[in-house]
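[1] no FASTA, just this:
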């Protein structure tokens, strides 16, 4: 068996070595320029050849957007005295090329001469987006198995990848796998097939990355726009004091992708939401004295089901009233009930435990109101639930209220205070006025009452329904205060959201990536008008924020809170590293940093409470600013 394994490893090595060499030489991309030059670099960047479009793309620093000229330094080593010109100007090693009217739409002409004879004449286009080149050992890729290949990243800052990296690919997504433009999971590897971590485009250092095709999204930016917003305001998880680098969202960068030498479109290169991102406590492997300790757990809700709704059938708000089905930790399966996946621990090599998730569902559906109200804050991460609800409401997230969600616990082994579940979003493309299938039959109505509509549609998550109906937990007040704080901070202002939207839209336009994407995929019925849909979102956002302002009572004339009576409810004074709060009656108060981050949730008794351990800065308590020295 060892000999067979060595043979398989050796065979893979030689296949990948050949693939690696072909990619480096431009063979797989059929780059015609390699016949005439050994080296041609413009400010260190190679021209990337698109076989299907018979053109070259060149990555240009974003700082040159809108410039009248770009003059990159030329490194050139031609073969057999060939002469190369760009827009009629000869390129010489050590000189500077000249691009006038720098944009991603104009064609610049590259010509290779032998004497007076033209050997090659081809257009060059500029882009301000990084380029990813994928080559694979097979033209057909699959969902369930990885195909060997290579990965190459062209970015003005080097991007964190070598010129060519070994990699393996598979198609990702359930519904999206049926679309003509595919999304991919890629794993960077070494020559033995083991993972190889790299820090790409300023994001985290890792070996697993997603290339999101955004096929159903007419604007190609909804998920990224939503996740950027979430990353900027989401409350830290309940264990943030122990894991300060824990992040409840992922970063992503837009890129243009070439697949086996041909242009494949606009993608978003995205991090993976996993134990590493969330900083969950690691699994402890078995030893002679232990069968292995499960600490952090991570689950994903993948399908609509009464358990992913946390206790009721989809389409009704009536509680199921029965416990969730039994689970089997020894099944060796990654899924439960066809609707959940365990993402950590790794079912293939580690023990798993579905109990924390089962217990949360059981808590939602089986407990009476008194028990639920008294214990919900110990079962769920309430500040994160508040922020997640506001994300659903601001973006009208149509596919993320029971599905496309992650649930996780920091450490179930140390149960006291560290076992509660927190949540994180995923696949936020059914947002900003569109549904999961790209339609906008209901979603175009930016003024809709999301609470009513969600219950009529899916029934809504049970814990949200129960919090909304609670006579003890002041859920409405929590939402209102948090919305007003974020609205006052500017994160939820229409101008701020429009600025984010337009920044991506203009980047697509200036790079020419929107038109290249449309030319590549519009014949399939997808992405026929990217900028038109961005304009649609731009009209939708102000209407949505205006509706929420009315709902939550935001008045720009009153420092972000229209309820002046709140100012008389608490007395708050700042000091050195602390706040002193006087409450006239038992209540809950939230302390926010000036950037909108939730810092503390206070459960106050009548009288004075000292809140210590705060860093110097401005805090917002009950809509008022307080200085801590």
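    That came through, no problem. Quantities reported herein were computed from a predicted structural model and do not represent experimental measurements.

[2] wasn't residue 121 part of a strand?
    Yes. Judged by DSSP: H, G, I helix; E, B strand; the rest coil, residue 121 forms part of a strand.

[3] who's in contact with it?
    Residue 121 sits next to 109, 110, 111, 112 when contact means C-beta atoms under 8 Å, 6 or more residues apart in numbering. In short, each C-beta sits where N, CA and C put it, glycine included.

[4] most widely separated two among those residues?
    109 and 112 (11.1 Å; C-beta to C-beta).

[5] any idea how far the nearest residue to residue 369 once chain neighbours are set aside is from residue 464?
    Using C-beta to C-beta, 6 or more residues apart in numbering and skipping the chain neighbours, the partner closest in space to residue 369 is residue 470 (7.1 Å). Counting by C-beta to C-beta, to the nearest Å, the separation of residue 470 from residue 464 is 11 Å.

[6] neighbour count winner among the two?
    Using other C-beta atoms under 10 Å, the more surrounded residue of residue 470 and residue 464 is residue 464, with 21 against 15.

[7] contact partners for the more buried one?
    Residue 464 neighbours (C-beta under 8 Å, 6+ apart): 385, 389, 401.

[8] now pLDDT too, for these, in JSON lines please.
    Formatted as JSON lines, these follow (pLDDT from 0 to 100):
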{"residue": "385", "pLDDT": "96"}
{"residue": "389", "pLDDT": "97"}
{"residue": "401", "pLDDT": "92"}
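
[9] okay, now the closest residue in space to residue 443 that isn't next to it in sequence: neighbour count?
    Using C-beta to C-beta, 6+ apart and skipping the chain neighbours, the partner closest in space to residue 443 is residue 433 (4.9 Å). The tally of other residues near residue 433 (other C-beta under 10 Å) stands at 25.

[10] narrow the contacts of residue 121 to those in helices?
    Judged by DSSP state H, helices contain none of the contacts of residue 121.

[11] so residue 424 touches residue 246, yeah?
    No. Applying C-beta atoms under 8 Å, one finds residue 424 not in contact with residue 246, separated by 10.2 Å.

[12] need the overlap of contacts for these two.
    Shared contacts of residue 424 and residue 246 (C-beta under 8 Å, 6+ apart): residue 278.

[13] okay, these two: which has more neighbours?
    Applying other C-beta under 10 Å to residue 424 and residue 246 shows that residue 424 carries more neighbours, namely 23 against 18.

[14] map the structural domains onto the sequence of this structure.
    15-127, 131-213+244-270, 279-552, 564-628 (automatic domain parsing).

[15] so which of the ones you listed is nearest residue 232?
    That would be domain 279-552 among the domains of the chain, by C-beta to C-beta, at 6.1 Å.

[16] quick one: that closest one to chain centroid distance?
    Taking C-alpha atoms, centre = their mean, to the nearest Å, one finds domain 279-552 lying 13 Å from the centre of the chain it belongs to.

[17] re earlier: ok, now how distant is the residue nearest to residue 369 from residue 324?
    22 Å.

[18] repeat that for residue 621.
    For residue 621, the distance to residue 324 - C-beta to C-beta - is 39 Å.

[19] center of the chain - which residue?
    Residue closest to the average C-alpha location in the chain (C-alpha atoms, centre = their mean): residue 250, at 4.2 Å.

[20] hang on, that residue packs against residue 276?
    No. Look at residue 250 against residue 276 with C-beta under 8 Å: they stay out of range, at 10.9 Å.

[21] residues in contact with stretch 89-98?
    40, 42, 69-77, 83-87.

[22] repeat the analysis, applying 6 Å as the threshold.
    42, 71, 72, 73, 74, 76, 84, 86 (C-beta atoms under 6 Å, 6 or more residues apart in numbering).

[23] and of the residues you listed, the nearest to residue 476?
    residue 72 (57.8 Å).

[24] the closest one: neighbour count?
    Residue 72: 18 neighbours (other C-beta under 10 Å).

[25] check residue 554 too.
    Neighbour tally, residue 554, other C-beta under 10 Å: 21.

[26] residue 275 too?
    Residue 275: 20 neighbours (other C-beta under 10 Å).

[27] if I look at the spatially closest residue to it that is not a sequence neighbour, how far off is residue 356?
    Spatial nearest neighbour of residue 275, excluding adjacent residues (C-beta to C-beta, 6+ apart): residue 344 at 4.4 Å. According to C-beta to C-beta, residue 344 and residue 356 sit 12 Å apart.

[28] could you do residue 153 as well?
    38 Å.

[29] model confidence score at the residue nearest to residue 449 when sequence neighbours are not counted, please.
    In space, residue 449 comes closest to residue 551 once its chain neighbours are excluded; the distance is 7.6 Å by C-beta to C-beta, 6+ apart. Residue 551 carries a pLDDT value of 96.

[30] what secondary structure does residue 551 sit in?
    Following three-state DSSP, residue 551 is assigned to helix.

[31] from residue 116, how far off is it?
    Residue 551 sits at a distance of 73 Å from residue 116 (criterion: C-beta to C-beta).

[32] over to residue 61: give its phi and psi.
    As for residue 61, its main-chain torsions (degrees, to the nearest 10) stand at phi -60, psi 140.

[33] sorry, back to before: joint contacts of residue 250 and residue 276?
    Common neighbours of residue 250 and residue 276, using C-beta under 6 Å, 6+ apart, do not exist here.

[34] following element in sequence after the lowest-mean-pLDDT helix or strand in the chain, please.
    Lowest by mean pLDDT, DSSP states H and E among the helices and strands of the chain is helix 2-25, with a mean of 50. Sequence order places strand 37-42 as the next helix or strand after helix 2-25, per DSSP states H and E.

[35] and the next helix or strand after that next one, what's its mean pLDDT?
    Downstream of strand 37-42, the first helix or strand assigned by DSSP H and E is strand 45-46. Averaging pLDDT along strand 45-46 gives 94.

[36] give the partner strands of the following helix or strand past strand 45-46 in its sheet and their orientations.
    Later in the chain than strand 45-46, the nearest helix or strand by DSSP H and E is strand 48-50. Strand 48-50 has its sheet partners listed here by DSSP bridges as strand 55-59 (antiparallel).

[37] compute the inter-axis angle for the partner strand and strand 37-42.
    Taking axes from the mean of the first three to the mean of the last three C-alpha atoms, to 10 degrees, one finds that strand 55-59 is oriented at 50 degrees with respect to strand 37-42.

[38] got JSON lines for the contacts of residue 464, with distance to residue 479 too?
    Below are the contacts of residue 464 laid out as JSON lines (distance: C-beta to C-beta, whole Å):
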{"residue": "385", "distance to residue 479": "10"}
{"residue": "389", "distance to residue 479": "6"}
{"residue": "401", "distance to residue 479": "15"}
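
[39] need those residues in JSON lines with distance to residue 336, secondary structure and neighbour count, can you?
    As requested, the contacts of residue 464 are exported to JSON lines (distance: C-beta to C-beta, whole Å; DSSP: H, G, I helix; E, B strand; the rest coil; neighbours: other C-beta atoms under 10 Å):
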{"residue": "385", "distance to residue 336": "22", "secondary structure": "helix", "neighbour count": "23"}
{"residue": "389", "distance to residue 336": "25", "secondary structure": "helix", "neighbour count": "22"}
{"residue": "401", "distance to residue 336": "20", "secondary structure": "coil", "neighbour count": "23"}
